[in-house]
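S.K.: I'll drop the sequence and a predicted model, then ask my questions.
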Amino acid sequence: MADAALRLKSLFEQLLGTPIPVRIRAWDGSVAGPPDAPTLVVRNRRALRRLLWKPGELGMARAWVSGDLGIEGDLYAALDAMSELVWERGDDARTLAQALRDPEVRSAVRGLVKLAGLPLPPAPPPEEVRRSRAHLHTKRTDKRAISHHYDVGNDFYEIVLGPSMVYSCAYWESPDGTLEDAQRDKLELICRKLELTPGQRLLDVGCGWGSMAIHAAREYGVSVVGVTLSQEQAAYARKRVAGEGLTDKVEIRVQDYRDVTDGPYDAISSIGMAEHVGAERYLEYAGVLHSLLKPGGRLLNHQIARRPHRDESSYSIDEFIDSYVFPDGELAPIGTTVTQLERAGLEVRDVEVIREHYALTLRRWVANLEAEWSRAAKLAGAGRARVWRLYMAASALAFERNRIGVNQVLAVRTPDSGNSGVPLRARTWN
């Protein structure tokens, strides 16, 4: 008799102490749970072994990336329903040890072990990053981390990002607008905040596929140096620059921002790059950008932020994101970012919160990926495509639920005279 789904439902509810908010379909074809809920598909017993050997977020991620677990129905509804049960419970050793003191939990674990079959732990999917955390954010480890995320293949990113090839939060006038218009409006917003004028020099740190550099050079007549650690991004950006006839205005370098020595620049844009810097290096990052700006020069720092913890020492990097998406990436509260920028000598003049805009952006990226799923999986591999779908959908929910945010910080290297050059009513860009 096919009853694996019913047994799983019972054991999961016994283990978690609460009803399961999703429907379960098991490897034997059996189904159990609310008929109108999204369905968690447990394709084989190996999925259970992954969860048993690594309970919590990383075990779920390994099962998802390998294809042992799947979701039928509304992905966002399923992730939202499961978030409290998986991602918000914690899975550190102390939490697990406390849970296993409960006889009901121990009984449920024994039942799952019996149902899972062979006890050997499955190997992690090949998409998982394996490295020592002993030396974070050296130039070599940063280059390796950037390559893991961005050197997936430009064709794959064309599918996800669309024609704009901008991999950061767009700026929406309306939820009904197009992604391309919203990304163009974001680039335009940044140029206006920086008050770019013809003949100025702009440094674009983490230039991606060249969209900001091209927009600033074409629309504002500035000379741009864009730096990235990704060989694939640089090659793509250079081709785009040549196609726009801007090779005399835009230079794309494969270079660490710490190695840029040809300042001063009139303005610096850093769009979605600072998340890779790391807490221990952030003051250095801010100091380098300060040193590269001329007096009166402006910095636009566009960066994802997390909510502050009551005890900041309790912050730990998200296991799924760290292992599969952004190795060594770290998020900081907006207050910490502002403090570090000012400690480096910059004067913060404006902070604009655009959290809801990122949720809209991510949902469009997910829709783009799903619309060309077969081609995307062929280009990047099915496992990598599953990583991107999960992380972007989960991130969209995180922005919508105010678990994380994104901010544009405008700062100035204000000269000793105190004349920042910022008008009395600065928000002329709105």
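M.R.: That came in fine, so what should we check first?

S.K.: where do the strands sit along the stretch 301-430 of the chain?
M.R.: Here the stretch 301-430 of the chain has its strands, by DSSP state E, counting those that start in this stretch, at 347-353, 404-412.

S.K.: What are the boundaries of the strands in the stretch 51-200 of the chain?
M.R.: Counting by DSSP E, counting those that start in this stretch, the stretch 51-200 of the chain has strands at residues 69-72.

S.K.: Where does the prediction get shaky in it?
M.R.: Applying pLDDT under 70 to the stretch 51-200 of the chain flags the ranges 86-102, 104-105, 131-137, 139, 141-151.

S.K.: let's see 90
M.R.: Filtered on pLDDT under 90, the stretch 51-200 of the chain yields the residue ranges 51-58, 81-121, 129-153.

S.K.: what's the closest of the strands of the stretch 301-430 of the chain to Ile268?
M.R.: Closest approach to Ile268 among the strands of the stretch 301-430 of the chain is made by strand 404-412 (9.3 Å; C-beta to C-beta). Using the backbone N, CA and C atoms, a C-beta is placed for each residue, glycine as well.

S.K.: about what we covered before: can I get the strands of the stretch 301-430 of the chain in a markdown table with mean pLDDT?
M.R.: Below are the strands of the stretch 301-430 of the chain laid out as a markdown table (pLDDT from 0 to 100):
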| stretch | mean pLDDT |
| --- | --- |
| strand 347-353 | 97 |
| strand 404-412 | 98 |
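
S.K.: which of those sits most buried?
M.R.: strand 404-412 (a mean of 21; mean count of other C-beta atoms under 10 Å).

S.K.: Tell me the neighbouring strands of that one, and mark each as parallel or antiparallel.
M.R.: Sheet neighbours of strand 404-412, with direction, are listed as strand 293-306 (antiparallel), strand 347-353 (antiparallel) (DSSP bridges).

S.K.: Dihedrals phi and psi, Ser417?
M.R.: The phi/psi pair for Ser417 (degrees, to the nearest 10) reads phi -70, psi -20.

S.K.: how much space between it and Asp266?
M.R.: 17 Å (C-beta to C-beta, to the nearest Å).

S.K.: more crowded one of the two?
M.R.: Asp266 (21 against 8; other C-beta atoms under 10 Å).

S.K.: The more buried one: what's it in contact with?
M.R.: The neighbours of Asp266, taking C-beta atoms under 8 Å, 6 or more residues apart in numbering as the test, are 196, 200-202, 222, 293-294, 297-298.

S.K.: I'd like the residues you listed written out as JSON lines, with distance to Gln183 and neighbour count added.
M.R.: Shown next, in JSON lines, are these (distance: C-beta to C-beta, whole Å; neighbours: other C-beta atoms under 10 Å):
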{"residue": "Leu196", "distance to Gln183": "18", "neighbour count": "24"}
{"residue": "Gln200", "distance to Gln183": "23", "neighbour count": "19"}
{"residue": "Arg201", "distance to Gln183": "24", "neighbour count": "19"}
{"residue": "Leu202", "distance to Gln183": "18", "neighbour count": "27"}
{"residue": "Val222", "distance to Gln183": "19", "neighbour count": "23"}
{"residue": "Leu293", "distance to Gln183": "26", "neighbour count": "22"}
{"residue": "Lys294", "distance to Gln183": "29", "neighbour count": "15"}
{"residue": "Gly297", "distance to Gln183": "25", "neighbour count": "27"}
{"residue": "Arg298", "distance to Gln183": "21", "neighbour count": "25"}
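
S.K.: what would these look like in TSV with distance to Asp318?
M.R.: Shown next, in TSV, are those (distance: C-beta to C-beta, whole Å):
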residue	distance to Asp318
Leu196	35
Gln200	38
Arg201	37
Leu202	33
Val222	37
Leu293	32
Lys294	38
Gly297	34
Arg298	32
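
S.K.: which one of these is nearest Asn368?
M.R.: So of the contacts of Asp266, ranked by how close each gets to Asn368 (C-beta to C-beta), first place is Leu202, at 28.8 Å.

S.K.: and the closest one, how far is that from Gly117?
M.R.: When distance is defined by C-beta to C-beta, Leu202 is 59 Å away from Gly117.

S.K.: Also Glu342?
M.R.: 57 Å.

S.K.: what about Leu16, how many neighbours?
M.R.: 16.

S.K.: what separates it from Ser211, distance-wise?
M.R.: Distance, Leu16 to Ser211, by C-beta to C-beta: 44 Å.

S.K.: what's the answer for Leu6, then?
M.R.: Per C-beta to C-beta, Leu6 is found 51 Å from Ser211.

S.K.: Look at those two and report which has more neighbours.
M.R.: Ser211 (25 against 16).

S.K.: Confirm for me that Trp373 is in contact with Trp388.
M.R.: No. Using C-beta atoms under 8 Å, Trp373 makes no contact with Trp388, being 10.7 Å away.

S.K.: Comparing those two, which shows the higher neighbour count?
M.R.: Between Trp373 and Trp388, Trp388 has the larger neighbour count (other C-beta under 10 Å), namely 21 against 14.

S.K.: Skip the chain neighbours and tell me the closest residue to that one.
M.R.: Of all residues not flanking Trp388 in the chain, Leu369 sits nearest, at 6.2 Å (C-beta to C-beta, 6 or more residues apart in numbering).

S.K.: can you check Ala78 too?
M.R.: Excluding the flanking residues, the one nearest Ala78 by C-beta to C-beta, 6+ apart is Pro38, at 3.7 Å.

S.K.: Verify the stated contact: that neighbour with Gly70.
M.R.: No. Taking contacts as C-beta under 8 Å, Pro38 lies outside contact range of Gly70: 10.7 Å.

S.K.: more neighbours, these two?
M.R.: Between Pro38 and Gly70, counting by other C-beta under 10 Å, Pro38 is the more crowded of the two (22 against 17).

S.K.: Now do the same contact list for the more buried one.
M.R.: 22-23, 71-75, 77-78, 81.

S.K.: mind redoing it with 10 Å?
M.R.: Contacts for Pro38 (C-beta atoms under 10 Å, 6 or more residues apart in numbering) come out as 21-23, 71-82.

S.K.: what's the answer for Gly70, then?
M.R.: Gly70 makes contact with 25, 39-43, 47, 63-64, 78, 386, according to C-beta under 10 Å, 6+ apart.
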